[in-house]
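Colleague: what follows is a predicted structure for the sequence shown.
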Amino acid sequence: MTLFKADGLAINFGGIRALDGVTFEVEPGEIFTIIGPNGAGKTTIFNLVSRIYDPSAGRLTFRDEDITRVPPHEIARRGIARTFQNIELFEHATVLQNLLLGRHAHRRSRFVEELLFLPRVRALELEHREAVEKVIDFLDLQPYRDSLIASLPYGVRKVVEMARALCTQPRLLLLDEPSSGLNVEETDGMAFWIQDIRALLGITVLMVEHDMRLVSAVSDRVLALNYGRAIAVGSAREVQEHPDVVKAYLGG
Amino acid sequence: MRFVFKTSYTQDLGLFRDGVQRRWYIALCVGLLVLPTLIPTYLVDVSLVLIYGLAGLSLMVLAGYTGLVSLGHAAFLGIGAYAHVYFAQNLGVPWVVAMALAAALTAAAGIVVGLPALRMTGIYLTIATLAFALIIQEVFVHWERVTGGLRGKPVDKPVIFGLPFGSDVAFYFLCVGVLMLGLWLTANVLRSPTGRAWVAIRDSEIAAQSMGVHLAVYKTMAFAYSAGLMGVAGALFAHKVGFLAPDIFSVLLSIQFLLMVVVGGLGSLHGALFGAVFVAMLPVAISQARDSLPAWIGAAAGIFGPGAGTAAYLGMDRFVKQPGLEPGIFGLILVLFILFEPLGIYGRWLKLRIFFSTFPLYKRATFKRQKSYMRSERLR
């Protein structure tokens, strides 16, 4: 059974065909990576999956349900969480508040209850807090709980963003360039965490990444894109040696 | 420096950081209780500060927490004021019910403004709310059956559950009570999922959406809640001024409300109240200055000879009697705050506190604003 399937995905921005009939499947428990030169359409796929863009053609299927027309705020509730290439954290809030917002898809309190902060709201808040604390434990974020995002170094922000995505308790995690802006050591740490997310939390990972060392270390399968078309699928090694991929990166 | 030792998650759910902070707030409440005996003559002005505090709270929720800047909040104040007076006096509804109805009606008006606002961001939204305020002011002028039009509408003293609240002291305590209720409700919402969703929308709409926040619903909710609070403030404001006329609810009042939250410090409830004190007291200070400033300047310039003194006196006298002086000073203060202290009075207060609590190790860099180039263009 496939967990996620993109079928003939295409999108036009004006006259530019950013994606042109991309088809791929992600199996449950897999780490699936999309690579490609700049402008190949990698992040566009993510924005289509999180429903920020509407595809011009094609279908998205998640857990045997068609999510091509699901509104963007529904996506988290269905079990897909994502991070962003350029970190989209809530900068003027603390790490804890950011992570608690990750629990928003699990909100069960009503506005009137919240207005009076009834015992039920308090109990639900404690429940959310416990879920958040598990993620904090998992990613070693204890020292930063009460720090404002604006005061954190870039590497930590990257982890906080991943933590926020994990707080939604997703089945499919979309990581948009998890290693961008990180040094070699931090990238190694990231590789361990991605493997742990799959092994310990059982979350399937769909990732866009440039760092081939990280890609080879964690990916089960790799999809190479160029100019909005899929040019190769397979293991990291197979894709790297594929003549079309070499041509896309080096020219010729 | 004091650290709070946390042993349970419930500690983070409380309204106050710890026992020390709670005791400070209790002291503040006691201060508010004895205030009437300390300054009986200024009690009317303090009531206005409290009403402005409610108004500041309202705009703080919208502008400071949700990031939607409105220049039309005077219209919500007006709707609340007229609705309350109409329900209470023309229809004879009990006072508390009239206020609740006024709040509900204003919240509904907030939703009406909020719906088109969903498609607008930033300055465009602000202009739309400004247009709304101008339209509503015209409605106040022309809907004479309800508002009394340009002739105005006298407002009776409040009578709640048969108890008269006509005296300055009673009205002051009424305002204190309502403001505290408003603060409590707002603080509750802000520590709940709804408040977090508002902050999320302010800081990154796209991330909020991806975490499951329905932007349209939460923006509309922020508008409705903010407008509802403004409706309550309007009901009290009606009793405070005693006579409603459409020209009270002008754009200048909206600008004052915005000034309040910016000067007070965006994104904090303290800021709303600091701003309210500032804005309510500024006209008093300006009128004081009008009377005494020319004489001072004249006396100071008198050092350089009697001619210079008289000239300075006359020049200053002409300057302070300029009709547009007050809005001009408001605008100037707003600009200066945005340039030099974007965190507002509350930010100043925080810096002062940190200076003393970390003395002598205060680092100016703590509050240094950093330009961040990490975020590239947003996806829209």
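Modeller: Arrived safely.
Colleague: can you verify my assumption that B:Ile345 contacts B:Ala276?
Modeller: No - under the criterion of CB atoms under 8 Å, B:Ile345 makes no contact with B:Ala276, lying 10.6 Å away. All C-beta spots, glycine's among them, are computed from the backbone N, C-alpha and C.
Colleague: look up how far B:Gly228 lies from A:Glu114.
Modeller: 14 Å (CB to CB, to the nearest Å).
Colleague: cool, and A:Tyr154?
Modeller: Taking CB to CB as the measure, A:Tyr154 falls 41 Å from B:Gly228.
Colleague: what do you get for B:Val199?
Modeller: 19 Å.
Colleague: A:Glu241 too?
Modeller: For A:Glu241, the distance to B:Gly228 (CB to CB) stands at 64 Å.
Colleague: settle it for me: which of those two has more neighbours?
Modeller: Each of A:Glu241 and B:Gly228 has its neighbours counted (other CB atoms under 10 Å in any protein chain shown); B:Gly228 has more, 27 against 12.
Colleague: could you say which helix or strand holds the more buried one?
Modeller: helix B:215-241 (DSSP states H and E).
Colleague: packing partners of the helix or strand following that helix?
Modeller: Note on helix B:215-241: by DSSP H and E, the next helix or strand toward the C-terminus is strand B:243-244. If contacts are counted by 3 or more CB pairs under 8 Å, 6 or more residues apart in numbering or on different chains; DSSP states H and E, strand B:243-244 sits against helix B:73-85, strand B:153-154.
Colleague: hmm, the helix or strand that strand B:243-244 is followed by touching chain A?
Modeller: Toward the C-terminus, strand B:243-244 is succeeded by helix B:251-264 as the next helix or strand (DSSP H and E). No - against chain A, helix B:251-264 shows no contacts by CB under 8 Å from any CB of the partner chain, the least distance being 14.7 Å.
Colleague: residues contacting helix B:251-264, please?
Modeller: B:52, B:55-56, B:59-60, B:63-64, B:69-75, B:77, B:130, B:133-134, B:270-276, B:278-279, B:327, B:330-331, B:333-334, B:337-338, B:344-346 (CB atoms under 8 Å, 6 or more residues apart in numbering or on different chains).
Colleague: before we move on, what about stretch B:323-333?
Modeller: By CB under 8 Å, 6+ apart, stretch B:323-333 touches B:Leu252, B:Ile255, B:Gln256, B:Leu259, B:Val263, B:Leu282, B:Pro283, B:Ile286, B:Phe319, B:Gln322.
Colleague: quick check: domain ranges of chain B?
Modeller: What automatic domain parsing lists as the domains of chain B is B:18-283, B:285-367.
Colleague: and the end-to-end length of the shortest one?
Modeller: As for domain B:285-367, its first-to-last residue distance stands at 30 Å under the measure CA to CA, to the nearest Å.
Colleague: which bits of the stretch 151-252 of chain A sit near chain B?
Modeller: For the stretch 151-252 of chain A, the residues in contact with chain B (CB under 8 Å from any CB) are A:Tyr154, A:Arg164, A:Thr168, A:Gly181.
Colleague: which among these count as buried?
Modeller: Among those, the ones that count as buried by 16 or more other CB atoms under 10 Å in any protein chain shown are A:Arg164, A:Thr168, A:Gly181.
Colleague: just these: which are in helices?
Modeller: Counting by DSSP state H, these place A:Arg164 in helices.
Colleague: tell me which strands and helices the helix holding B:Gly228 is in contact with?
Modeller: Against helix B:215-241 (3+ CB pairs under 8 Å, 6+ apart) you get helix B:43-59, helix B:73-85, helix B:95-117, helix B:168-190, helix B:193-203, helix B:205-210.
Colleague: and the helices in chain A?
Modeller: Applying DSSP H to chain A gives helices spanning A:42-49, A:72-78, A:95-101, A:111-116, A:119-138, A:154-167, A:184-201, A:212-218, A:236-241, A:243-250.
Colleague: helix A:154-167 and the longest one, what's the angle between them?
Modeller: Using axes from the mean of the first three to the mean of the last three CA atoms, to 10 degrees, the direction of helix A:119-138 lies 130 degrees away from that of helix A:154-167.
Colleague: in helix A:119-138, what counts as buried?
Modeller: A:Val121, A:Arg122, A:Leu124, A:Glu125, A:His128, A:Arg129, A:Ala131, A:Val132, A:Glu133, A:Val135, A:Ile136.
Colleague: take the residues you listed and write them to JSON lines, including pLDDT.
Modeller: Listed next are those as JSON lines, based on pLDDT from 0 to 100:
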{"residue": "A:Val121", "pLDDT": "95"}
{"residue": "A:Arg122", "pLDDT": "95"}
{"residue": "A:Leu124", "pLDDT": "96"}
{"residue": "A:Glu125", "pLDDT": "95"}
{"residue": "A:His128", "pLDDT": "96"}
{"residue": "A:Arg129", "pLDDT": "96"}
{"residue": "A:Ala131", "pLDDT": "96"}
{"residue": "A:Val132", "pLDDT": "96"}
{"residue": "A:Glu133", "pLDDT": "96"}
{"residue": "A:Val135", "pLDDT": "96"}
{"residue": "A:Ile136", "pLDDT": "96"}
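Colleague: any idea which of those residues is closest to B:Lys240?
Modeller: Set against B:Lys240, the nearest of the buried residues of helix A:119-138 by CB to CB is A:Val121 (34.0 Å).
Colleague: any idea how far that closest one is from B:Arg202?
Modeller: 22 Å.
Colleague: and chain A, what are its domains?
Modeller: Taken from automatic domain parsing, chain A resolves into A:1-79+A:170-252, A:94-168.
Colleague: go ahead and confirm B:Gly267 touches A:His92.
Modeller: Yes - counting by CB under 8 Å, B:Gly267 does reach A:His92; the two are 6.2 Å apart.
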